[in-house]
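*Asks:* missing the sequence, but the structure's below:
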């Protein structure tokens, strides 16, 4: 509750500039009271010269504050006191049939004080006018009321001042939070946004994948993960994705550039156009996979794409080895005839690499018996004939 009743101690540059400007306007506003009060005193025959003297004296305080105080909030509080002092002079020099109506000045100026956005100005003004009414009612009642008022009349005036002050304080604080303090709000939210962006960037930099965003024209934006730069090097925002990747894989760059034109033209559905974009990239000895994810805006129109690049070298190598093993197993089943024919196939087949030869030797030594008939590689019955030993020795020479 108290945190809302008073402003935070920090003053932003925007608030400082704003309050200083209001203080200068207030100085001119109250300076204009001097001739106006003199005229009112003249009309009510309440000593115009004294009106000029007292009004000028009241102006001395805020003028000194403007020149000497560095904190504009403190100057604003001085002007809060000044406003109520001017109201007291108006009621005094306005003695006559409308003296009671002159009290509206207090309520008007308390409401005006809300433009400072500082509840303290209103607190000080309310206390000042309450003391003014009480003290002058005791010592000089004709300067406050044009009739014989009781203490309860003073209390009623004070109650209305308190009531208006509560509303004015609420308005002032809301004005500070939503207008004067907007710079601070923006700064806090910007700081929060930067913190969230750092957290997201930290995650992206440690997932082992390359993430970047491109617009509908295929041009890269600033956001990217660390892996992108580590794999492909730095880039300038606005660089075409096809050109950036084409430096490392020219064929993919040309294919991507041509395929992206269909995305940009928008003739076919986005999903269809994206499905025709190339997804495999060679980066030296590495195999990379590219995934494109369309991102829709608030109007449900796709205007950006998230591009995810993954290193699938190990997966490709594993798939190659699995395919090679399947090919070898099928080759064995087709090639196994007599032991001698099998040896000849291993020796004379130019399609077999050293790895496949070694695999065939292992399979033969483990699964193939000495019978001249064709046997399955899944037949695990033992065989230790001289023919097996001869064949194994021959295979070792292979």
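*Replies:* Yep, that arrived. Given the structure is predicted, the values throughout are model-derived calculations rather than measurements.

*Asks:* The stretch 151-300 of the chain: strands as residue ranges?
*Replies:* Under the criterion DSSP state E, counting those that start in this stretch, the stretch 151-300 of the chain contains strands at 210-215, 220-224, 280-283, 286-296.

*Asks:* what would those strands look like in CSV with mean pLDDT?
*Replies:* As requested, these are exported to CSV (pLDDT from 0 to 100):
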stretch, mean pLDDT
strand 210-215, 89
strand 220-224, 87
strand 280-283, 90
strand 286-296, 90
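
*Asks:* looking at those, which is buried most?
*Replies:* Mean neighbours per residue, mean count of other CB atoms under 10 Å, is largest over the strands of the stretch 151-300 of the chain for strand 210-215, with a mean of 20. Where you see a C-beta, it was placed from the backbone N, CA and C, and this is true even at glycine.

*Asks:* what's the angle from it to strand 220-224?
*Replies:* Here the directions of strand 210-215 and strand 220-224 differ by 150 degrees (axes from the mean of the first three to the mean of the last three CA atoms, to 10 degrees).

*Asks:* neighbouring contacts of strand 210-215?
*Replies:* 204, 220-221, 223-225, 227-228, 231-232, 241, 295, 303-310 (CB atoms under 8 Å, 6 or more residues apart in numbering).

*Asks:* cool, and stretch 140-155?
*Replies:* By CB under 8 Å, 6+ apart, the surrounding residues in contact with stretch 140-155 are 88, 91-92, 95-97, 99-100, 132-134, 136-137.

*Asks:* Now residue 278, what are its backbone angles?
*Replies:* Main-chain dihedrals, residue 278, degrees, to the nearest 10: phi -60, psi 140.

*Asks:* So which bits of stretch 171-184 are buried?
*Replies:* Residues of stretch 171-184 classed as buried by neighbour count (16 or more other CB atoms under 10 Å): 171, 172, 173, 175, 176, 180, 181, 184.

*Asks:* same check, this time on stretch 118-129
*Replies:* Residues 118, 119, 120, 121, 122, 123, 124, 125, 126, 128, 129 are the ones in stretch 118-129 that count as buried (16+ other CB under 10 Å).

*Asks:* Please tell me how far it is from the chain's geometric centre.
*Replies:* Relative to the chain's own centre, stretch 118-129 is displaced by 39 Å; criterion: CA atoms, centre = their mean, to the nearest Å.

*Asks:* before we move on, what about stretch 109-118?
*Replies:* 34 Å.

*Asks:* same question, stretch 16-23
*Replies:* Stretch 16-23 sits 30 Å away from the centroid of its parent chain (CA atoms, centre = their mean).

*Asks:* Okay, now the unreliable bits of the protein?
*Replies:* Scanning the chain for pLDDT under 70 picks out 1-2, 199-201, 203-207, 330-398.

*Asks:* can you list the domains in it?
*Replies:* Domain assignment for the chain by automatic domain parsing gives 2-185, 205-311, 317-397.

*Asks:* Go through those domains and pick out the most buried.
*Replies:* Stretch with highest mean neighbour count among the domains of the chain: domain 2-185 (a mean of 17; mean count of other CB under 10 Å).

*Asks:* which residue ranges form the helices in the stretch 51-200 of the chain?
*Replies:* Taking DSSP state H, counting those that start in this stretch as the criterion, the stretch 51-200 of the chain carries its helices at 72-93, 104-112, 119-139, 151-175, 182-204.

*Asks:* between the contacts of stretch 140-155, which is nearest residue 192?
*Replies:* Relative to residue 192, the closest of the contacts of stretch 140-155 is residue 132; by CB to CB it sits at 46.5 Å.

*Asks:* Confirm for me that that closest one is in contact with residue 86.
*Replies:* No. In this structure residue 132 lies outside contact range of residue 86 using CB atoms under 8 Å: 10.9 Å.

*Asks:* how long is stretch 136-145 end to end?
*Replies:* 10 Å (CA to CA, to the nearest Å).

*Asks:* my read: residue 12 touches residue 185, true?
*Replies:* No. Counting by CB under 8 Å, residue 12 stays clear of residue 185, with 10.0 Å between them.

*Asks:* what sits up against stretch 266-283?
*Replies:* Stretch 266-283 is touched from outside by 231-232, 245, 248-249, 252, 255-256, 259-260, 262-263, 287-292, 294, 302, 305, 309, with contacts defined as CB under 8 Å, 6+ apart.

*Asks:* give me every residue that touches residue 69.
*Replies:* Contacts of residue 69 by CB under 8 Å, 6+ apart are 75, 78.

*Asks:* Could you measure from it over to residue 119?
*Replies:* Look at residue 69 and residue 119: by CB to CB, to the nearest Å, they are 19 Å apart.

*Asks:* Also residue 195?
*Replies:* Applying CB to CB, the value for residue 195 to residue 119 is 31 Å.

*Asks:* And for residue 324?
*Replies:* Residue 324 is 81 Å from residue 119, by CB to CB.

*Asks:* what's the most distant pair in the contacts of stretch 140-155?
*Replies:* The span of the contacts of stretch 140-155, defined through CB to CB, is set by 97 and 134 at 24.4 Å.

*Asks:* gap between the spatially closest residue to residue 216 that is not a sequence neighbour and residue 110?
*Replies:* In space, and not counting its chain neighbours, residue 216 is closest to residue 303: 5.4 Å by CB to CB, 6 or more residues apart in numbering. Distance, residue 303 to residue 110, using CB to CB: 52 Å.

*Asks:* Residue 141 too?
*Replies:* Per CB to CB, residue 141 is found 23 Å from residue 110.

*Asks:* Could you do residue 265 as well?
*Replies:* 66 Å.

*Asks:* for residue 280, same thing?
*Replies:* In this structure, residue 280 and residue 110 are 75 Å apart, going by CB to CB.

*Asks:* do residue 283 as well
*Replies:* Taking CB to CB, one finds residue 283 at 73 Å from residue 110.

*Asks:* ok, now residue 91?
*Replies:* Using CB to CB, residue 91 is found at 15 Å from residue 110.
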